[in-house]
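[1] Got a predicted structure here, sequence first:
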Amino acid sequence: MTSPDRDFTAEGERTAEKAREIQARVDREDKSFAGGDGKAMQAGAREYPAPPFPAQHLKKPGLQADLELQPMWDAPHYKGSDKLKGLAALITGADSGIGRAVAVLFAREGADVAVAYLDEHEDAEVTKAAVEKEGRRCILLPGDVADAAYCKGAVEQTVKAFGRLDVLVNNAAFQEHTVEFEKLSQEQFDLTLKTNLYGYFHMAQAAVPHMKPKSAIVMCGSVTGLLGNKHLLDYSMTKGGIHAFTRSLATHLVDKGIRVNAVAPGPVWTPLNPADSPADKVSQFGSDTPMKRPAQPEEIAPAFVFLAAPSCSSYITGEVLPIIGGYSGG
């Protein structure tokens, strides 16, 4: 029902004028807004480096010892509180990067640690020394997680050394970018899937029979498994698969009292990316996140402690925790 006393045409014109006034004000604000100081966000216990980084390209699998800018993994401000006291953990890819940082914090929380790695012996020895410095035992297990026999043997050696296995961290990964989809080789595709999916599957299958109620499996997923990545087609596929595997295995193991969760990091300063991306891209690694920098391994590792510790996450299973430096919002 219309009102004869109202001039809808005039009201429409006034609303349009109001819209133009708002538009003009916002346009002026756009021109005066500098978008912040352009610096990387610092919200940690100590300051972390931001791009540009040394333009460096490593040979695979990538030695952390060879990085010109060393990742920050020792977490000097993190104080342990016996969250994993008396437990034993097996961590794949623990020679460097996120895996090393997780190994150190697990040890600081009271766990003995088995370090599974490919062939980066120099890096692995550094991890072993760091775990032992925390007062815990450490064994080194070189080999290929894509091999089911290696996974079975690694689990058996862990149980033999420590008498138990309470936490499995599936973290080892292979990553290589692809410029053109048509040129993604069968060899690369196979290696990516066998390392990132077969490796996680075989290690979990070998570990579960030795794990008691209150044990935990923590997978390392990736933001690429959530959002995709146009140059990491096979890698992103595996990370999405890891997220699905996490949720499925969590449901399967509920009756056994074993929790299964995943951490999905964004860019992290480890040997993985300098052993993949061209040097010029490495120099700007992580600059496209809202925080304008990559994470350091010690910023990611506490999430693994949280998901491994019965005192912290006893009612959490099947979750994927993104740690990606913020969301852009478009």
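    On my side now, so go ahead.
[2] Please enumerate the helices of this structure.
    Along the chain, counting by DSSP state H, helices occupy 8-32, 97-108, 121-133, 148-162, 186-193, 199-207, 224-227, 233-253, 279-282, 297-308, 310-313.
[3] By mean pLDDT, show me the worst of the ones you listed.
    Per-stretch mean pLDDT for these is lowest at helix 279-282 (a mean of 80).
[4] Now do that one: distance to the chain's middle.
    Mean C-alpha position of helix 279-282 versus that of the full chain (CA atoms, centre = their mean, to the nearest Å) differs by 20 Å.
[5] Any buried residues in that helix, and which?
    residue 282 (16 or more other CB atoms under 10 Å). Quick note: C-beta positions are derived from backbone N, CA and C, even for glycine.
[6] Any chance you could list what contacts that helix?
    For helix 279-282, the external contacting residues (CB atoms under 8 Å, 6 or more residues apart in numbering) are 53, 54, 55, 56, 57, 273, 274.
[7] out of those residues, who has the most neighbours?
    Using other CB atoms under 10 Å as the neighbour test, these are led by residue 274, with 27 neighbours.
[8] List the contacts of it.
    For residue 274, the contact set (CB under 8 Å, 6+ apart) comprises 56, 57, 58, 62, 67, 282, 285.
[9] Ok, residue 45 next?
    Residue 45 makes contact with 77, 78 under the criterion CB under 8 Å, 6+ apart.
[10] okay, the contacts of helix 279-282 in a markdown table with distance to residue 225 next?
    Formatted as a markdown table, the contacts of helix 279-282 follow (distance: CB to CB, whole Å):
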| residue | distance to residue 225 |
| --- | --- |
| 53 | 24 |
| 54 | 28 |
| 55 | 28 |
| 56 | 26 |
| 57 | 25 |
| 273 | 16 |
| 274 | 21 |
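[11] of all those residues, which comes closest to residue 120?
    Distance to residue 120, by CB to CB, is smallest for residue 274 among the contacts of helix 279-282, at 13.5 Å.
[12] Quickly note the distance from residue 45 to residue 296.
    Applying CB to CB, to the nearest Å, the value for residue 45 to residue 296 is 11 Å.
[13] er, residue 178 actually
    27 Å.
[14] residues near the closest residue to residue 184 other than its chain neighbours, how many?
    Distances taken as CB to CB, 6 or more residues apart in numbering put residue 178 closest to residue 184, at 4.5 Å, once the chain neighbours are dropped. Residues lying near residue 178 (other CB under 10 Å) number 19.
[15] who's in contact with residue 178?
    184, 188, 231, 232, 233, 234.
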